[in-house]
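[1] Sequence plus the predicted model coming up.
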Amino acid sequence: MPGLVLLLAVGWSGFWFYAASHVDETFDAWRTREARSGRVYECANRSVAGFPFRLEVSCDNPSVTLTSQTASQIQLTARLKDILVLAQVYDPTKIIAEFTGPVSVNNKGEAPSFVGNWTTGRASASGLPSTPQRVSIVFDDPAFDRISGAVQTPLLRAKHLELHTRLLEGSLSDKPVVESALEVTAGSLQGLHPVLAAPFDADIRAILRGLNDFAPKPWPERFREIQAAGGRLDFTQSRVQQGDTIAVAAGSLGITPSGYLNGELTMTVVGLEKVVAQLGLDKLLAGDVPQSTVDRVAPGVSAQDVNKVIGALDRMIPGLGNLARKNVNAGVTAGINMLGQETRLEGKPARSFPLRFTDGVVSLGPLRVAQTPPLF
């Protein structure tokens, strides 16, 4: 019996060291595949530990360079302190990675334009390394700042972030259909849009159809393939809460030949009057304001579009437009209410109306409220 135990121990040790010896080979093959997609990974120092039951691959001072991943073709490089990848020797289909901050992001060797940190950052993948079936990324207390010269300002804050993606239909090599879920707790984004500045919780689930495969390629090229195939992003569940304001949405978005989002979501909102104030429409309607000022107060909102709403109110009931200007929040809310239907959401009074994406322009009825960038 002792001899058998010794034989098993020697055999297992040999198996572990054999697996460990192939880590570099596997990592280099993965790096080569990712590089063809415009993502280049580097490690200042790489080591393997974890004997006898785990493989722990440590990468010190890693960097990730992204090329041609957006329509603007900007090259970005992110640098972290450490990445630790864990796998059980007897179950290589489950891989966990832990990220240690801080992280800095710069453009083509320039000074960092973004910095960030978190208390916990991890990713996991299920399936073989070359063909994962499910991928998840989780961050606790992420905090990212924008840097402009000597000034550092908050960009993103959250208590918790989760992104899960799984293969729903097909295979990675033939017409994959992918489902993703994003969960945000106490998240906020500064400097992008007033609606996103206050903390919010979000639970968004969507299904992406139209992919040819997941062969190595930059995302703009992949988006072109989705557009050519008539692919869609179907929002099956979307709930966002910010204070007492609750919004849910469902619908489908496609991509135009010029690379912009196009489609319609049906939204139901509790507390619409607060959204009106966050969009800055109250300031816009206070008087004649140049569009340049509007862009600072309410990005994406058109003064001409708002005046159309006021004109519509005047045509319905003479003088109602002037009344709306005197009580701008109530006036604009009344105009938007005409576009939707009264309903209830989670037991509270709400309004349901379409949110349209037309060649990248996001409209709430006749009001343009945002402009999305092209995907390629």
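    Yep, that arrived.
[2] where does the stretch 201-350 of the chain dip in pLDDT?
    279-339 (pLDDT under 70).
[3] who does the helix or strand hosting Pro349 pair up with?
    Assigned by DSSP states H and E, Pro349 belongs to strand 348-358. Looking at strand 348-358 with DSSP bridges, its partner strands are strand 261-270 (antiparallel), strand 341-345 (antiparallel), strand 361-364 (antiparallel).
[4] ok, which stretches of the stretch 151-300 of the chain are helices?
    Remark: helices assigned in the stretch 151-300 of the chain by DSSP state H, counting those that start in this stretch are 219-228, 272-278, 281-285, 291-297.
[5] Bridging across strands, which residues link to the residue nearest to Thr77 when sequence neighbours are not counted?
    In space, and not counting its chain neighbours, Thr77 is closest to Thr65: 4.6 Å by Cβ to Cβ, 6 or more residues apart in numbering. Every residue, glycine included, has its C-beta placed from N, CA and C. For Thr65, the residues forming beta bridges with it (DSSP bridges) are Val40, Thr77.
[6] Thr65 and Leu76, how far apart?
    Distance of Thr65 to Leu76, computed by Cβ to Cβ, to the nearest Å: 7 Å.
[7] before we move on, what about Pro62?
    Pro62 is 14 Å from Leu76, by Cβ to Cβ.
[8] When these two are compared, which one has more neighbours?
    Neighbours per residue (other Cβ atoms under 10 Å) separate Pro62 from Leu76, with Pro62 holding more: 21 against 16.
[9] wait, doesn't the more buried one sit right on Asn45?
    No. Taking contacts as Cβ atoms under 8 Å, Pro62 lies outside contact range of Asn45: 9.6 Å.
[10] hey, what's in contact with both of those two?
    With contacts defined as Cβ atoms under 8 Å, 6 or more residues apart in numbering, no residue is shared by Pro62 and Asn45.
[11] which strand residues sit across from the residue nearest the centre of the chain in the sheet?
    Using Cα atoms, centre = their mean, the residue of the chain that lies closest to the mean C-alpha position is Leu182, 7.5 Å off. As for beta bridges, Leu182 partners with Leu163, Ile204 under DSSP bridges.
[12] where does the stretch 51-200 of the chain dip in pLDDT?
    In the stretch 51-200 of the chain, residues with pLDDT under 70: 68-73, 129-130.
[13] Pairing partners for Lys94 in the sheet, please.
    What pairs with Lys94, by the bridge criterion (DSSP bridges), is Ser126.
[14] what sits against it?
    87-88, 124-126.
[15] Of those residues, keep whichever come out buried.
    Among the contacts of Lys94, those classed as buried by neighbour count (16 or more other Cβ atoms under 10 Å) are 87, 124-125.
[16] from these, which single one is nearest Gly254?
    Of all those, Ala125 has the smallest distance to Gly254: 29.0 Å, by Cβ to Cβ.
[17] Once you drop chain neighbours, what's closest to the closest one?
    Leaving aside its sequence neighbours, Ala125 sits nearest to Pro132 (Cβ to Cβ, 6+ apart; 4.3 Å).
[18] before we move on, back to that, Serialize the strands paired with strand 348-358 to TSV and add fields for mean neighbour count and distance to Pro52.
    Output for the strands paired with strand 348-358, formatted as TSV (neighbours: other Cβ atoms under 10 Å; distance: least, Cβ to Cβ, whole Å):
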stretch	mean neighbour count	distance to Pro52
strand 261-270	19	51
strand 341-345	12	55
strand 361-364	20	56
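[19] out of the ones you listed, nearest to Phe27?
    The nearest among these, by Cβ to Cβ, is strand 261-270 at 36.4 Å.
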